[in-house]
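Peer 1: need a 3D model of the sequence below.
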Amino acid sequence: MPVLRISLSWKRLALITSAIIVLATMGFVVYLINTPVHSNGRLHRTMHDLTQIDLCLALFQQDFKRYPSTAEGLQKLCERNAQGESYILISLPQDGWGHDFIYRETPNATHPYVLYSIGENGIDERGAGDDIDIWAQEK
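Peer 2: Model prediction:
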């Protein structure tokens, strides 16, 4: 019985191996590009960030005996002290769709402030529609 000999040089073997790795990597990249980012994940991220901002506002209130004014906004949580360190937050997060969170002080309302995301459609519906409200968890 004849023996089939395949003679591969190291260079040819390295070339074939490299081609396989490149093709596998390209396939993985195409898979990642075509995999949809589900809105549900963005919603969970947004709710998580709202909760974190809510906790930072509670820390601010505990230290200063007030909440930031509407004019000061959430940016007040990022101010630097005399040593150049951020007070509470290094930077403000954005919601899962890349929008800034909305904050307004409401001293005479049920809650001391309004905090929400304008949601996927990017339209400020003042906490209604697809807006995601920090107090929605209580409803």
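
Peer 1: how about the secondary structure of the residue nearest in space to the middle of the chain?
Peer 2: Geometric centre of the chain, nearest residue: G96, 5.0 Å, by Cα atoms, centre = their mean. Of the three states, G96 takes coil under DSSP: H, G, I helix; E, B strand; the rest coil.

Peer 1: residues in contact with it?
Peer 2: With contacts defined as Cβ atoms under 8 Å, 6 or more residues apart in numbering, G96 is in contact with S39, G41, R42, L43, H44, R45, T46, S117. All C-beta spots, glycine's among them, are computed from the backbone N, C-alpha and C.

Peer 1: am I right that V114 sits in a strand?
Peer 2: Yes. Counting by three-state DSSP, V114 is part of a strand.

Peer 1: run a quick neighbour tally on L77.
Peer 2: 21 (other Cβ atoms under 10 Å).

Peer 1: so how far is I88 from it?
Peer 2: Plainly put, L77 is 5 Å away from I88 if you go by Cβ to Cβ, to the nearest Å.

Peer 1: make sure H99 is actually in contact with N121.
Peer 2: No. Checked against Cβ atoms under 8 Å, the pair H99 and N121 is beyond contact range at 9.8 Å.

Peer 1: returning to what we had before: from the contacts of G96, which two are the most distant?
Peer 2: The widest separation within those, taken as Cβ to Cβ, falls between G41 and S117 and amounts to 14.1 Å.

Peer 1: if you count what's nearby, which of the two comes out ahead?
Peer 2: Legend: neighbour count by other Cβ under 10 Å for G41 and S117, higher for S117 (28 against 11).
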